[in-house]
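> No sequence on hand, only this structure:
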């Protein structure tokens, strides 16, 4: 599995810079962002969502307890599409 450190090393930047660049932070210069994105693509990097949720303390998971799933309304509510990501 390719890590953020691998991407940073390939792009010759710090791990923090690679992380900021992949998240689209505007403080990162365009040339640096391009190098990081090219490195990530070359190495086939994909974010580790488990690590991200541990770091942020947010999992994005909502627990739902529903009874009477054979009724239309509870079943529709549990299958409703998720709202767009916030910031």
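Structure's in. What do you need? None of the values given here were measured: they were computed from a predicted structure.
> residues in contact with the least confident helix or strand in the chain by mean pLDDT?
The helix or strand of the chain with the lowest confidence, counting by mean pLDDT, DSSP states H and E, is helix 72-78 at a mean of 71. For helix 72-78, the surrounding residues in contact (C-beta atoms under 8 Å, 6 or more residues apart in numbering) are 64, 66-69. (C-beta placed from N, C-alpha, C; glycine too.)
> again, only using 10 Å
With contact meaning C-beta atoms under 10 Å, 6 or more residues apart in numbering, helix 72-78 is reached by 64-69.
> and it, how far from the chain's centre?
The chain centre lies 28 Å from the centre of helix 72-78; the measure is C-alpha atoms, centre = their mean, to the nearest Å.
> what two of the contacts of helix 72-78 have the greatest distance between them?
64 and 68 (13.1 Å; C-beta to C-beta).
> in the protein, which spans are helices?
4-11, 15-22, 30-43, 49-56, 72-78 (DSSP state H).
> JSON lines please, covering those and showing mean neighbour count.
Shown next, in JSON lines, are those (neighbours: other C-beta atoms under 10 Å):
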{"stretch": "helix 4-11", "mean neighbour count": "18"}
{"stretch": "helix 15-22", "mean neighbour count": "19"}
{"stretch": "helix 30-43", "mean neighbour count": "16"}
{"stretch": "helix 49-56", "mean neighbour count": "11"}
{"stretch": "helix 72-78", "mean neighbour count": "11"}
